[in-house]
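> compute the structure for the input listed below.
(chains A, B, C and D, ligands or ions: 2)
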Amino acid sequence: MRRIYLDHSATTPVDLEVAALMMTYYTEKYGNPSSVHGFGREAKQALEEARRQVAELLGATPKEITFTSGGTEADNLAILGTVEALQKKGKHLITSAIEHHAVLETFEFLEKKGFELTVIPVDSEGIVAVEDVRKAIRPDTILISVMHANNEVGSIQPIAEIGNLAKEHGVTFHVDAVQSFGKLPINVQEMNIDLMTVSSHKIYGPKGVGALYIRKGVRIVPLAHGGSQEKRRRSGTENTPGIIGFGKACELIGKQMDEEAELQRKLRDKLMNGILERIEHVKVNGPLGEKRLPNNVNVSIQFVEGESLLLSLDMLGIAASSGSACTSGSLDPSHVLLAMGLVHEIAHGSLRFSLGSQNTEEDIDYVLEQLPKIVERLRMMSPLYDQVTKCNQAE
Amino acid sequence: MRRIYLDHSATTPVDLEVAALMMTYYTEKYGNPSSVHGFGREAKQALEEARRQVAELLGATPKEITFTSGGTEADNLAILGTVEALQKKGKHLITSAIEHHAVLETFEFLEKKGFELTVIPVDSEGIVAVEDVRKAIRPDTILISVMHANNEVGSIQPIAEIGNLAKEHGVTFHVDAVQSFGKLPINVQEMNIDLMTVSSHKIYGPKGVGALYIRKGVRIVPLAHGGSQEKRRRSGTENTPGIIGFGKACELIGKQMDEEAELQRKLRDKLMNGILERIEHVKVNGPLGEKRLPNNVNVSIQFVEGESLLLSLDMLGIAASSGSACTSGSLDPSHVLLAMGLVHEIAHGSLRFSLGSQNTEEDIDYVLEQLPKIVERLRMMSPLYDQVTKCNQAE
Amino acid sequence: MYTEKVMDHFTNPRNVGELENANGVGEVGNAKCGDIMRIYLDIEGDIIKDVKFKTFGCGAAVATSSMVTEMVKGKTIEEAMVISNASVAEALGGLPETKMHCSNLAADALHKAIGNYRDKQTKKE
Amino acid sequence: MYTEKVMDHFTNPRNVGELENANGVGEVGNAKCGDIMRIYLDIEGDIIKDVKFKTFGCGAAVATSSMVTEMVKGKTIEEAMVISNASVAEALGGLPETKMHCSNLAADALHKAIGNYRDKQTKKE
Ligand SMILES: Cc1ncc(COP(=O)(O)O)c(C=O)c1O
Ligand SMILES: Cc1ncc(COP(=O)(O)O)c(C=O)c1O
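Ligands and ions are numbered 1, 2, ... in the order given. I've put the predicted structure just below:
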């Protein structure tokens, strides 16, 4: 059966060159980078090369990169670590309504512990207004955390403007850039970002690796205690093969970012427009054009439910998602779509296609051929669609 | 140049079969296990198979296994998670003086936060007395954490007896089994262990993966917040290739554990006795015989310093360690050796060889041929040895 | 995630549609939770002669709807009343835990349809 | 970790040993910290004619000891007093940060040996 993977925002395959490099570090250059001997030194050297590669893609210096076990840990480290370091300065925190669970739940945890949290709303396209952030800042605000690009609807946030604001007010600024990293140009200097989360498995690197950019001079308290690795910011034997793979993936994606983005924008628009042309009662979620991630398509297909769509697509070999990977396992409609003002019914019928480097025009054609049939079948079964057709007939 | 790796307690190469399996999950079956589609389901299935494989080697059920990013995280999760869950029950904690930094520093952090900590001493062989643990238990004790086998001197602790004690007193019992797992038989049921830390990269699995055994019914509070993976105990996209590699490594090592241990004991004793025969003023650190890890040799070579020994060995292609991997980067002599009553001078000259499955008799012969020359050279340079020879001459 | 039987019922759902001449109709759930099931019954005497369903919902919701229609066709009302959500799930070879409470409502819809039929009968009398 | 120059001085340390006829001896460090360096000087007039060392310690300790002996041989006392731990490290192409404070004591030992020489001279006068 044909298999078309359109879920790159959930995770990506590891690039073959990256995987081959990792193999060497699993089976031959397997030393512990803390060790004094040659095995240790060669691992350490490669680790530092990876740090340089990651830093370069962010516009940071290698010393500002702390490797973690993934985006979730980096988000937690950024938020809990900052709050632990600055709690004497204030207890007010700011975030947006459309953050990833790793950010949102961490803030909710802190709110329960007694911190005060302002959650900035978004407009119907899923974008935060800078003015709302400005109004939310108080003298006791210690942290602002706003994601760069949303994982569900692909909306790109005005990070540079928020960065300016944060700098003006002397508030630490964290950005979850897991979805934009390697897809959009990022420069932590120009954007005035103090802390930034990135993750390897979204850019054709291995799972279980991420990094937190920590601007020189910004203090965070580590989450875990132990071996003093990563300049005491992240203890535990370093996942050298994973980190080296991440570094290589950064290097590779950095070289072709603009080109790749252009290709994906084309496929994205072909898919989005194709769906709108072929299926009635469809709503695009998120912004159009430049304010949208190059690889994100998100539509709500009314009168049908997301999981049914996913299962039906899957039977035809098409892998997609409904909301974020985490959301699709649960029954709650996406908090992102609700924050954008969608009613529950429509939020339930959301479908995300996220493109990747191997996707082709043919893949899109196949989806556009199959999806209308699937929707038709599911709508025939749906008591909601029923009412619509009856109303239409009555008119 | 000949390269002989004798630092398996720091980290091991990944088994080739394990590495090959991981490759498949990096490049082909790369789905996110939380995804609804086929890519997600095949990853999920493999993840659960790995959970079964790890559980089997511990005598646990798969549901009791929570995957982490390594031993350090598992230790932190066990200790911080238990304390967070039980802090209303009491504030007294017990551990031993020879724990890994991941345990010891976590307890020291809690001590600073206001918890009361009893650190049980060890005897000159590096072994905890059960009686000391019994005496330390108070009505408000909420956690006992004692490692199974020490990473520096290989001393094996009376875990089953301490487990009995803990059960008797209704105190949660955590065991750091990173060094014994896959080398000694372990059964969490028979040993009355509530929480147990294991790590993949010490048993020919990949770095960046570990697990915490959490006995059914034992509650711990997670360290990080987010995607609700691992039954909400450990958030973050699962490192499926790594976890699958860890599972496979458990299966492989489980099959040949006794045989392998026997082989290594032989090499261990050959190396240890060989050193004692060939070099004067050498002290064995840790117990002899059955109370010692099958793969651990640790000696203090008087009048010379550990790092000089390591560098000299390294130039001949021999990779060893002085204390734990973390210790060798720092300047402090090992807290383990000091706890065993060694004076600083002698602790500084400690040398650890940790054997692995590829090591041969020839490797040992080579070390026994080179080490005496190295020691001789360094002693000729040492102002301490100087005094000894002068005294000897004077006698 | 789902058993083969669930996937079979999801892919080839039995008895989808409406019954023009239904004398018992029951609906449960709401779009807010993501599941709506409507069951149509054609009852003659005590016997369920025909049954159809329409469902908006996830795989489990569709499969349980389909399964329940298969289970009741030709049965007496009393027999139908004994069918529970749990027995529908069992007939499908089990459901994922997260789906047990939210999407496993087909038996409820059936019972509601039977209630609707009985109400009508009472009114007629 | 270490530069090639450090490794060279560690592997082939210059001027290891004692000087029977030393007229200045200096020792720094202690075994507790893991580093002891002893420097022997043979000074004639103002000139350091010969120098030897013995060191117990890590690679950096051995290399800095060796390096400092090379740097002072044939120099005047004044020139030797200007040599600092930092300049020894520099001459070696740098040292890892962790080693800068603890194992980089060779210049201190040298200065102590010179002090020892001066003390003796003062007593003689
Ligand atoms: C925006 C965003 N933040 C954080 C994460 C978490 O990263 P990871 O999967 O590496 O834990 C993800 C992906 O799941 C994401 O999309
Ligand atoms: C006894 C012990 N505990 C914990 C750890 C930490 O495990 P990891 O290296 O997987 O973080 C190690 C190894 O470094 C160890 O030897």
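> can you list the residues of chain C near chain A?
C:2, C:7, C:10-11, C:13, C:16, C:18, C:27, C:31-38, C:54-59, C:61-62, C:98, C:102-103 (C-beta under 8 Å from any C-beta of the partner chain). To be clear about C-beta, it is placed using only N, CA and C from the backbone, and glycine gets the same treatment.
> contacting residues for the spatially most central residue of chain A?
Ranked by distance to the mean C-alpha position of chain A (C-alpha atoms, centre = their mean), the top residue is residue A:179 at 3.2 Å. Residue A:179 is in contact with A:9, A:147, A:148, A:149, A:150, A:151, A:154, A:202, A:293, counting by C-beta atoms under 8 Å, 6 or more residues apart in numbering or on different chains.
> burial count for the residue of chain A found nearest ligand 1?
Minimum separation of chain A from ligand 1 (C-beta to the nearest ligand atom) falls at residue A:71, amounting to 2.3 Å. Here the number of neighbours of residue A:71 (other C-beta atoms under 10 Å in any protein chain shown) works out to 31.
> I'd say it and residue A:176 touch.
Yes - at 7.2 Å, residue A:71 and residue A:176 qualify as touching, with contact defined as C-beta atoms under 8 Å.
> now the element after the worst-scoring helix or strand of chain A on mean pLDDT, going C-ward?
Of all helical and strand segments in chain A, the minimum by mean pLDDT, DSSP states H and E falls on helix A:325-329, at a mean of 41. Downstream of helix A:325-329, the next assigned helix or strand under DSSP states H and E is helix A:335-339.
> quick one: contacts for the most centrally placed residue in chain C?
For chain C, the residue sitting closest to the mean C-alpha position, by C-alpha atoms, centre = their mean, is residue C:106 at 3.8 Å. The contact partners of residue C:106, by C-beta under 8 Å, 6+ apart, come to C:37, C:39, C:53, C:61, C:64, C:65, C:67, C:68, C:85, C:88.
> picking that back up, pull up the overlap in contacts between residue A:71 and residue A:176.
A:100, A:102, A:197.
> now, which of these lie close to ligand 1?
When C-beta under 6 Å from any ligand atom is applied, the members of the shared contacts of residue A:71 and residue A:176 adjacent to ligand 1 are A:100, A:102.
> redo the shared contacts of residue A:71 and residue A:176 as a markdown table? Include pLDDT and neighbour count.
Below are the shared contacts of residue A:71 and residue A:176 laid out as a markdown table (pLDDT from 0 to 100; neighbours: other C-beta atoms under 10 Å in any protein chain shown):
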| residue | pLDDT | neighbour count |
| --- | --- | --- |
| A:100 | 96 | 25 |
| A:102 | 96 | 28 |
| A:197 | 98 | 31 |
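> closest to chain B among the shared contacts of residue A:71 and residue A:176?
residue A:102 (3.4 Å; C-beta to the nearest C-beta).
> thought the closest one was touching residue A:80?
No - between residue A:102 and residue A:80 there is no contact under C-beta under 8 Å: 11.1 Å.
> where exactly do the helices run in chain C?
For chain C, applying DSSP state H gives helices covering C:4-11, C:59-72, C:77-82, C:85-91, C:97-100, C:106-124.
> who wins for proximity to ligand 1 among these?
Checked against C-beta to the nearest ligand atom, the stretch from the helices of chain C lying closest is helix C:97-100, at 19.0 Å.
> what average pLDDT does that closest one get?
On average, the pLDDT along helix C:97-100 is 81.
> tell me how far it is from the chain's mean position?
17 Å (C-alpha atoms, centre = their mean, to the nearest Å).
> could you list the low-confidence segments of chain A?
A:323-332, A:391-395 (pLDDT under 70).
> spell out which parts of it neighbour chain C.
So chain A meets chain C at A:303-308, A:311, A:315, A:329-331, A:333, A:344-345, A:348, A:380-386 (C-beta under 8 Å from any C-beta).
> state the distance from the residue of chain C at minimum distance from chain D to residue A:12.
Closest approach between chain C and chain D, counting by C-beta to the nearest C-beta: residue C:1, at 49.8 Å. According to C-beta to C-beta, to the nearest Å, residue C:1 and residue A:12 sit 22 Å apart.
> ok, those two, which is more surrounded?
Here residue C:1 and residue A:12 are compared on neighbour count by other C-beta under 10 Å; more neighbours surround residue A:12, at 26 against 20.
> and the nearest residue to that one once chain neighbours are set aside, what element?
Leaving aside its sequence neighbours, residue A:12 sits nearest to residue A:204 (C-beta to C-beta, 6 or more residues apart in numbering or on different chains; 4.9 Å). Assigned by DSSP H and E, residue A:204 falls within no helix or strand.
> tally of neighbours for residue A:204?
30.
> ok, it - contacts?
Per C-beta under 8 Å, 6+ apart, neighbours of residue A:204: A:12, A:13, A:14, A:15, A:18, A:249, A:252, A:253, A:357.
> residue contacts, the fifth one?
Counting by C-beta under 8 Å, 6+ apart, residue A:18 touches A:204, A:205, A:206, A:245, A:248, A:249, A:252.
> try 10 Å
A:200, A:203-206, A:244-252, B:26-27 (C-beta atoms under 10 Å, 6 or more residues apart in numbering or on different chains).
> buried ones in the helix-or-strand element of chain C with minimal mean pLDDT?
One helix or strand of chain C scores below all others by mean pLDDT, DSSP H and E: helix C:97-100, with a mean of 81. Buried residues in helix C:97-100, counting neighbours by 16 or more other C-beta atoms under 10 Å in any protein chain shown, are found at residue C:99.
> same question, stretch A:157-175
A:157-159, A:161-163, A:165-166, A:171-175.
> stretch A:136-143 too?
Buried, per 16+ other C-beta under 10 Å, within stretch A:136-143: A:136, A:137, A:141, A:142, A:143.
> which two from these end up farthest apart in space?
Longest distance between any two of the buried residues of stretch A:136-143 is 12.7 Å, between A:136 and A:142; criterion C-beta to C-beta.
> what's the overlap in contacts for these two?
Here residue A:136 and residue A:142 have A:92, A:93, A:94 as joint contacts, going by C-beta under 10 Å, 6+ apart.
> near ligand 1, from those residues?
Near ligand 1, by the rule C-beta under 6 Å from any ligand atom, you find none of the shared contacts of residue A:136 and residue A:142.
> all strands for the stretch 101-250 of chain A, in order.
Applying DSSP state E, counting those that start in this stretch to the stretch 101-250 of chain A gives strands spanning A:116-120, A:141-145, A:172-176, A:195-199, A:210-214.
> show the contacting residues for residue A:88.
Here residue A:88 is in contact with residue A:142 (C-beta under 10 Å, 6+ apart).
> ugh, wrong one, I meant residue A:220
Residue A:220 touches A:66, A:77-86, A:172, A:174, A:194-195, A:212, A:214, A:233, counting by C-beta under 10 Å, 6+ apart.
> kindly give a single PyMOL line that selects the buried subset of those.
Burial among the contacts of residue A:220 is assessed by 16+ other C-beta under 10 Å; the matching PyMOL selection reads:
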select buried, chain A and resi 66+77+78+79+80+81+82+83+85+86+172+174+194+195+212+214+233
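> neighbour-wise, which one of the contacts of residue A:18 leads?
Scoring the contacts of residue A:18 on neighbours with other C-beta under 10 Å, the highest-scoring entry is residue A:200 at 35 neighbours.
> for residue B:270, see how far away it is.
43 Å.
> follow-up on the earlier one: between the buried residues of stretch A:136-143, which sits nearest residue A:39?
residue A:143 (40.6 Å).
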